[in-house]
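> sequence plus predicted model, see below.
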Amino acid sequence: MEQNVARVISKNVDRYNLEDIKTNEMFFAILKGNVKSNKRNILVGDTVAYEKISDVYVITKILERKNSLIRPAVANIDNLIITLSIKDPVIDYNLLDKELILCFASKIEPIICINKIDLKDETNKAEIEYIKSVYGKICNNILFTSAKDDIQTDKLCKLLKGKISAFSGNSGVGKSSLISKLSSNDNLEIGDIAKKTKKGRHTTKSVTLYKIAKDTYIVDTPGFSSYEIYNIEACDLKKYYPEFHNNDCDFDDCNHINEGSNVCAIKRDIDKNIIDRARYTRYVSFYNKLKAEEMYKYK
């Protein structure tokens, strides 16, 4: 007998809002006892098997996940749209690099979205070229968008089609304006921008999938905006830097931190401007923080 399969759209304590994968029917369900007792939390984005017992829908099994995150608590993300703005606020490269690490560690496709491109002028031409030259080597999709002038929003929409995508970014970068352009649903209660103060006002209270087209969902949550690296050991951090992969270091366990350029190929590539020095400096900072946390943890 073929099992019924649904996607978790939202949850409230032990009550889950599901959408049937085939019929798109929406309904609420509860957990069957054996699912509840296995101590594996159901996350928004999960696909689950369910059955109807009397008049009650019951989740019987959590199906295999593509990925899952703790902060924010969400599963099966296909894309992360890392939203930055060319002005007001300025680009946060620390957050950008952290979220790229998250993507590469969790098998999520990163889409770097530089928004408010209508505000570009002579002062940020160099920054645009920097993003293209440095991040163009490690990210398949970099978009320069304007929700206001509808620039490249159609391309962004095509990249999201048939996927579950999450938007990230600091307050004021224009996530809400972009989402509004992508969605035909005018009632989405997603992060809002308080124009008078130029500060973001996030109205999302919990993780929820929003359907913007057939088989196309977005999740907007504060968890990505304050993202910190977790569940990664310092010695593994280098794995999530694509520009480090084709190295010829003398030692297989080289972390590209304390080793000299005579043995570390990454250090030599930095000296030759093959690898960006500023991005490497941020890598060192992340590595040292993870290392310090590990030392404190195992004291």
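Arrived safely.
> show me where the stretch 151-299 of the chain has its helices.
153-160, 175-182, 222-225, 265-271, 277-297 (DSSP state H, counting those that start in this stretch).
> residues in contact with the spatially most central residue of the chain?
By Cα atoms, centre = their mean, the chain has its centre lying nearest to residue 80, at 3.6 Å. Shown in contact with residue 80 (Cβ atoms under 8 Å, 6 or more residues apart in numbering): 99, 102, 103, 108, 109, 110, 111, 165, 166, 168, 224. No exception for glycine: its C-beta is placed from N, CA and C like everyone else's.
> neighbours around residue 174, how many?
24 (other Cβ atoms under 10 Å).
> would you mind naming the residues that bridge with residue 68?
Per DSSP bridges, residues listed as beta-bridge partners of residue 68: residue 75.
> that one contacts residue 75, correct?
Yes - judged on Cβ atoms under 8 Å, residue 68 makes contact with residue 75 at a distance of 4.3 Å.
> tell me the helix or strand right after the helix or strand harbouring residue 99.
Per DSSP states H and E: residue 99 is located in helix 93-106. Downstream of helix 93-106, the first helix or strand assigned by DSSP H and E is strand 109-115.
> and the helix or strand just after that following strand, what's buried?
Downstream of strand 109-115, the next assigned helix or strand under DSSP H and E is helix 125-135. Buried residues in helix 125-135, counted by 16 or more other Cβ atoms under 10 Å: 127, 130, 131, 134, 135.
> ok, the residues you listed vs residue 250, which is closest?
residue 134 (26.1 Å; Cβ to Cβ).
> show me the shaky parts of the stretch 1-150 of the chain.
1, 34, 36-40 (pLDDT under 70).
> what's the helix holding residue 99 packed up against?
strand 79-85, strand 109-115, helix 277-297 (3 or more Cβ pairs under 8 Å, 6 or more residues apart in numbering; DSSP states H and E).
> what separation is there between residue 49 and residue 161?
From residue 49 over to residue 161 the distance is 26 Å, taken as Cβ to Cβ, to the nearest Å.
> my guess is residue 139 contacts residue 110. True?
Yes - applying Cβ under 8 Å, one finds residue 139 in contact with residue 110, separated by 5.3 Å.
> and these two? which has more neighbours close in?
residue 110 (23 against 19).
> show me what contacts that one?
79, 80, 82, 99, 100, 103, 104, 139, 141 are the contacts of residue 110 under Cβ under 8 Å, 6+ apart.
> for the first one, name its beta-bridge partners.
Right, residue 79. The partner residues for residue 79, given DSSP bridges, come to residue 109, residue 165.
> mind giving me the domain ranges of the protein?
4-64, 69-225, 234-297 (automatic domain parsing).
> most neighbours per residue, which of those domains?
domain 69-225 (a mean of 18; mean count of other Cβ atoms under 10 Å).
> which helix or strand contains the closest residue to residue 56 other than its chain neighbours?
Leaving aside its chain neighbours, residue 56 sits nearest to residue 30 (6.7 Å; criterion: Cβ to Cβ, 6 or more residues apart in numbering). Here residue 30 sits within strand 26-31, counting by DSSP H and E.
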